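S.K.: Return atomic coordinates for the entry below.
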Amino acid sequence: MREQNIYDNQKFFEEYQNMRNSLSANELIEMPQLLELIGDVTNLSILDLGCGTGGHDRKFIEMGAKRVVGVDLSSNMINEENKNTSSNKIEYKIMSMNDIDQLGEKFDLVVSSLAIHYVEDYDSLCKKVYHILNDGGRFIFSHGHPMDSCAILQDYANNFVIINDKKYFLISDYNNEGKRISHWFVDGVETYHRNMSHLVNGLIDAGFQLEHMAESYATKEIIKIKPKYKEQNDHSYYVYFKCKKEYSKN
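M.R.: As a prediction, this is how the structure comes out:
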């Protein structure tokens with residue numbers, strides 16, 4: 001199964017880094033809300049899927065995690081991680097999320113930040129995550145909100161009109177799941193749209209107990225810092241899931 005490795009496109013990677021170095025929605029909204037959902041990681045072994053430049057992984061070690069393995073398809077990302085990381089408790093691997101069953105070890109926690117929407121076979125990934133978790137382990141991740149990705153457009157990130165300083169979004173093709181191709185820094189960026197019931201049922205069908213689901217929002221403090229994020233009151237950018245692998249009865 002071929003995966004697009006867009007983060008090794010140098011123009012894309014440089015633009016992405018510029019965005020992450022500013023007060024982006026990732027820094028102000030997604031990252032704090034995901035970390036709040038993750039909670040205490042003391043003495044946990046953690047697998048980070050689509051680990052990016054490793055910011056979460058360094059944070060996990062600061063929070064008391066025992067060990068972190070970060071996997072990412074992009075050599076650009078892994079190179080940045082290795083430059084920024086000195087802890088011997090963190091290991092990075094250039095690897096597709098589809099291949100995590102080849103790691104040969106189990107984890108207490110699997111996390112992912114805005115990476116799973118790049119994976120075509122979500123259901124298979126959920127099953128692989130379930131099998132590499134220890135009993136009682138958790139799978140916690142953020143995903144692009146399906147209300148954002150549903151429209152089949154070349155630039156679905158801008159599928160809106162502005163009327164009286166308020167954004168109105170085009171909601172179409174919500175149940176027509178599959179690949180979406182858009183312009184984000186460069187043309188031809190591939191992601192996969194799934195409706196909300198698919199996101200939930202993929203976890204349940206894999207054997208997980210769904211503990212919590214949340215949609216992103218912007219606090220008054222965030223809106224003061226960056227007023228454009230008031231549009232979170234009209235639609236969420238992200239959705240978060242927290243689920244658990246139950247203890248074996250054997």
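
S.K.: pLDDT weak spots in the protein?
M.R.: For the chain, residues meeting the criterion pLDDT under 70 lie at 1-2, 154-157, 248-250.

S.K.: 80 instead?
M.R.: 1-2, 153-160, 165, 167, 247-250 (pLDDT under 80).

S.K.: Grab the longest strand from it for me.
M.R.: Scanning the chain for the longest strand, with DSSP state E as the assignment, gives strand 133-144.

S.K.: Can you list the residue ranges for strands in this protein?
M.R.: Here the chain has its strands, by DSSP E, at 45-49, 67-72, 90-94, 107-113, 133-144, 160-163, 166-169, 178-184, 186-193, 209-215, 238-244.

S.K.: Return the list of strands paired to the fifth one, each annotated with direction.
M.R.: Same thing as strand 133-144. Partners of strand 133-144 in the sheet, by DSSP bridges, are strand 107-113 (parallel), strand 238-244 (antiparallel).

S.K.: can you redo those as JSON lines with mean neighbour count?
M.R.: Any C-beta I mention is one placed from the backbone N, CA and C, and that applies to glycine too. Formatted as JSON lines, the strands paired with strand 133-144 follow (neighbours: other C-beta atoms under 10 Å):
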{"stretch": "strand 107-113", "mean neighbour count": "23"}
{"stretch": "strand 238-244", "mean neighbour count": "21"}
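
S.K.: if we compare the ones you listed, which one ends up closest to I181?
M.R.: Of all those, it is strand 238-244 that lies closest to I181, at 20.5 Å by C-beta to C-beta.

S.K.: check contacts around F208.
M.R.: Residues in contact with F208 (C-beta atoms under 8 Å, 6 or more residues apart in numbering) are 126, 130, 139, 243-245.

S.K.: For it, give its distance to E190.
M.R.: 26 Å (C-beta to C-beta, to the nearest Å).

S.K.: burial of D187, as a residue count?
M.R.: 10 (other C-beta atoms under 10 Å).

S.K.: That one and K11, how far apart?
M.R.: 10 Å.

S.K.: for L73, same thing?
M.R.: For L73, the distance to K11 - C-beta to C-beta - is 18 Å.

S.K.: cool, and S142?
M.R.: 25 Å.

S.K.: who has more neighbours, these two?
M.R.: Higher neighbour count among S142 and K11: S142, with 26 against 9, using other C-beta under 10 Å.
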